[in-house]
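# What follows is a predicted structure for the sequence shown.
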Amino acid sequence: MRPNSLRELYVEQLQDLYDAEHQIIKALPKMIQAAQSDGLRAALNEHLNVTKEQANRIEQIFRGMGEKPKAEKCKGVQGVIKEGDDLIGEIKNEDVRDAAIIASAQRVEHYEIAGYGTARTYADLLDESEASDLLQQTLDEEKEADEKLTSLAGEINAEAEEAGTGEAEQETRTRRSRSRRAA
Ligand code: FE
Ligand code: ZN
Ligand code: FE
């Protein structure tokens, strides 16, 4: 598609987001399976349900415009998901892996926040007020998901920091804290 107007660009962005949501619906179960923390699994599971609604919302917007819902491959989110998937597959330590799942999931959320912010702005400019409300709802949910992940990261990153420290590293740490105390 070669957009020649803001409206066409808006439709292109919606098609991109529509595909992105479907890729995320496919990717989340794998991330849930890989996650060890109950809190993280619950948050991802909750976002999976929310994501299915978000895809429905885009369909609703297409219908409102008299357009057929069409997906256009979102290469951006494909790359973000692939990068996270590769990384998560390489990590043996469960705490470090959970931290990596959060890192990857937050990149996805930020990517979506950018996309929905833009689409919502276009909807406003084009006087598509119903679509604007629907896009704003999704934008709010993506921000909520991102905040939830940030709050989970507090504990999980701390556990990841403890993990994987070999004996040599542990020793340096003890020595360091001893000399800190002495100073
Ligand atoms: Fe989404
Ligand atoms: Zn995209
Ligand atoms: Fe999301």
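Nice, thanks for sending it over. Ligands and ions are numbered 1, 2, ... in the order given.
# And the average pLDDT for the top helix by length along the chain is what?
In the chain, taking DSSP state H as the definition, the longest helix is helix 129-162. Here helix 129-162 scores 98 as its mean pLDDT.
# do it and ligand 1 meet?
No. Judged by CB under 5 Å from the ion, helix 129-162 stays clear of ligand 1, getting no closer than 5.6 Å. In short, each C-beta sits where N, CA and C put it, glycine included.
# Can you give the distance of that helix from its chain's centre?
8 Å (CA atoms, centre = their mean, to the nearest Å).
# for stretch 70-88, same thing?
That offset, for stretch 70-88, works out to 11 Å (CA atoms, centre = their mean).
# do it and ligand 2 meet at all?
Yes. Contact of stretch 70-88 with ligand 2 (CB under 5 Å from the ion) involves 74, 76.
# returning to that earlier point: other SSEs contacting the longest helix of the chain?
helix 38-64, helix 94-125 (3 or more CB pairs under 8 Å, 6 or more residues apart in numbering; DSSP states H and E).
# a markdown table for those helices, including mean neighbour count, mean pLDDT and distance to Leu9?
Listed next are those as a markdown table, based on neighbours: other CB atoms under 10 Å; pLDDT from 0 to 100; distance: least, CB to CB, whole Å:
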| stretch | mean neighbour count | mean pLDDT | distance to Leu9 |
| --- | --- | --- | --- |
| helix 38-64 | 17 | 98 | 15 |
| helix 94-125 | 20 | 98 | 7 |
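# out of the ones you listed, nearest to ligand 3?
helix 94-125 (4.8 Å; CB to the ion).
# In this structure Asp16 contacts Gly115, no?
Yes. If you go by CB atoms under 8 Å, Asp16 and Gly115 touch, sitting 6.9 Å apart.
# and this protein, which residues reach ligand 1?
51, 54, 112.
# again, only this time at 8 Å
Where the chain comes near ligand 1, counting by CB under 8 Å from the ion, the residues are 17, 20-21, 24, 47, 50-51, 54-55, 109, 112, 116, 138, 141-142, 145.
# just curious, which of these is nearest to Glu67?
Leu17 (13.7 Å; CB to CB).
# Let me know the pLDDT of that closest one.
We have a pLDDT of 98 for Leu17.
# Any idea how far the helix or strand harbouring it is from the middle of the chain?
In this structure, Leu17 sits in helix 6-34 according to DSSP states H and E. Relative to the chain's own centre, helix 6-34 is displaced by 10 Å; criterion: CA atoms, centre = their mean.
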